[in-house]
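# Sequence unavailable; structure follows:
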């Protein structure tokens, strides 16, 4: 099971906070992954197609529980892609037109609603339920062990804009990208993804994503420290090599025998410990010396060659 399917399975078990939440959730499910057909005045039928069993179960459960609608289910398997496709059909029947009106999908006397009906999402709990249904119907979330990415694919520019506005009302920042006639509402921020998952009821997934971020943060911190240590070692090695070359020049051009004791002891210590940093080299001296004190001796050696 993919990570997205696991999240949708968790969401399929979330119950609404009020009776209208079920209406809002079913409305989003039908609006995002459903197709409405009609034959003459008042004769409507709905076909909902999904590759996720949890989504199919939710559509059927809500259609029965909220509106008492008859449904049929057809399961087809793709041998090519090794996936199942669930087709839920809600045929022409008494009460379907009223259900479509209550879900805000059909506007009496005006036809299909292009956006999200404000009445359906008037309460905070219903907005959360609507967003839950929208994600279950057209959502994708990347495995957090890779990149942080969540998106919901919808049709209709006005509908996409309304969903983004719903997210904005919940302090979740989303953007829209048009793709081949459809619209992808996507989130890239870790905080926005966790906030949305928590809002729609995927608390287990939100916690798992949080844990992954902590692990990534620790790993990145360790990598930064290791890289910094490697860089420091490289700089120290390069500086030590430069000091050894300086001592060789002083020996050739000035001679080491006549050097003051402080400079002679530094030259002897550096040649004895060619790989140590100045700080570590100072710890080998008697008495121990600071990095700045040894660096001052390096500057004095350089002065001898001028």
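Sure thing, it's come through. Note that the structure is predicted; figures quoted are calculated from it, not measured. Residues are numbered from 1 along each chain as shown.
# from here on, contacts and neighbour counts on C-alpha atoms
Will do.
# Okay, now the unreliable bits of the stretch 51-200 of the chain?
Segments of the stretch 51-200 of the chain classed as low confidence (criterion: pLDDT under 70) are 79-81.
# can you pull out the strands in it?
The residue ranges that make up the strands of the stretch 51-200 of the chain, judged by DSSP state E, counting those that start in this stretch, are 72-78, 83-90, 106-107, 111-112, 139-141, 150-154, 175-179, 182-187.
# ok, and for the last one, which residues are buried?
Residues 183, 184, 185, 186, 187 are the ones in strand 182-187 that count as buried (16 or more other CA atoms under 10 Å).
# re earlier: which one, of the strands of the stretch 51-200 of the chain, ends up nearest to residue 267?
strand 182-187 (60.4 Å; CA to CA).
# and the closest one, which strands flank it?
Within its sheet, strand 182-187 is paired with strand 150-154 (antiparallel), strand 175-179 (antiparallel), according to DSSP bridges.
# from the middle of its chain, how far away would the first one be?
Strand 150-154 has its C-alpha centroid displaced from the chain centroid by 13 Å (CA atoms, centre = their mean, to the nearest Å).
# What of stretch 59-76?
Average the C-alpha atoms of stretch 59-76, do the same for its chain, and the two points are 33 Å apart (CA atoms, centre = their mean).
# what comes into contact with that stretch?
The contact list for stretch 59-76 (CA atoms under 8 Å, 6 or more residues apart in numbering) reads 22-23, 26, 29-30, 84-91, 93, 95-96, 99.
# I'd like to know which of those are buried.
22-23, 26, 29-30, 85-91, 96, 99.
# got a markdown table for the strands paired with strand 182-187, with mean neighbour count and distance to residue 139 too?
Below are these laid out as a markdown table (neighbours: other CA atoms under 10 Å; distance: least, CA to CA, whole Å):
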| stretch | mean neighbour count | distance to residue 139 |
| --- | --- | --- |
| strand 150-154 | 23 | 4 |
| strand 175-179 | 14 | 13 |
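# Make a markdown table out of the ones you listed and add distance to residue 166.
Written out in a markdown table, the entries for these read as follows (distance: least, CA to CA, whole Å):
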| stretch | distance to residue 166 |
| --- | --- |
| strand 150-154 | 13 |
| strand 175-179 | 12 |
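# ok so, going back, let me have the buried ones among the contacts of stretch 59-76 in a markdown table, extended by distance to residue 268.
Rendered in a markdown table, the data for the buried ones among the contacts of stretch 59-76 read as follows (distance: CA to CA, whole Å):
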| residue | distance to residue 268 |
| --- | --- |
| 22 | 83 |
| 23 | 85 |
| 26 | 83 |
| 29 | 80 |
| 30 | 83 |
| 85 | 79 |
| 86 | 81 |
| 87 | 84 |
| 88 | 86 |
| 89 | 89 |
| 90 | 91 |
| 91 | 95 |
| 96 | 95 |
| 99 | 92 |
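# So which of these is the closest to residue 168?
Closest to residue 168 out of these is residue 29 (20.2 Å), distances taken as CA to CA.
# Spit out the contact partners of that closest one.
Counted by CA under 8 Å, 6+ apart, residue 29 has contacts 59, 133, 134, 136, 137.
# In helices, which of these fall?
Among the contacts of residue 29, the residues falling in helices (DSSP state H) are 59, 133, 134, 136, 137.
# Out of these, which comes closest to residue 255?
Out of the ones in helices among the contacts of residue 29, the one with the shortest distance to residue 255 is residue 136. That distance is 81.4 Å, counting by CA to CA.
# And that closest one, how far from residue 149?
Residue 136 is 16 Å from residue 149, where distance means CA to CA, to the nearest Å.
# Just want to know which of these two has more residues nearby.
Higher neighbour count among residue 136 and residue 149: residue 136, with 29 against 16, using other CA atoms under 10 Å.
# surely that one meets residue 56?
No - in this structure residue 136 lies outside contact range of residue 56 using CA atoms under 8 Å: 9.8 Å.
# Following element in sequence after the lengthiest helix in the chain, please.
The residue-count maximum for a helix in the chain (DSSP H) belongs to helix 203-253. Counting by DSSP states H and E, the element after helix 203-253 in chain order, helix or strand, is helix 261-272.
# between that next one and helix 203-253, how many degrees?
120 degrees (axes from the mean of the first three to the mean of the last three CA atoms, to 10 degrees).
# For the nearest residue to residue 11 once chain neighbours are set aside, give me its contacts.
Nearest residue to residue 11 in three dimensions, chain neighbours excluded: residue 202, at 5.9 Å (CA to CA, 6 or more residues apart in numbering). Contacts of residue 202 were listed using CA under 8 Å, 6+ apart, and they are 7, 10, 11.
# Closest to residue 242 out of those residues?
Using CA to CA, residue 7 comes nearest to residue 242 of the contacts of residue 202, at 58.6 Å.
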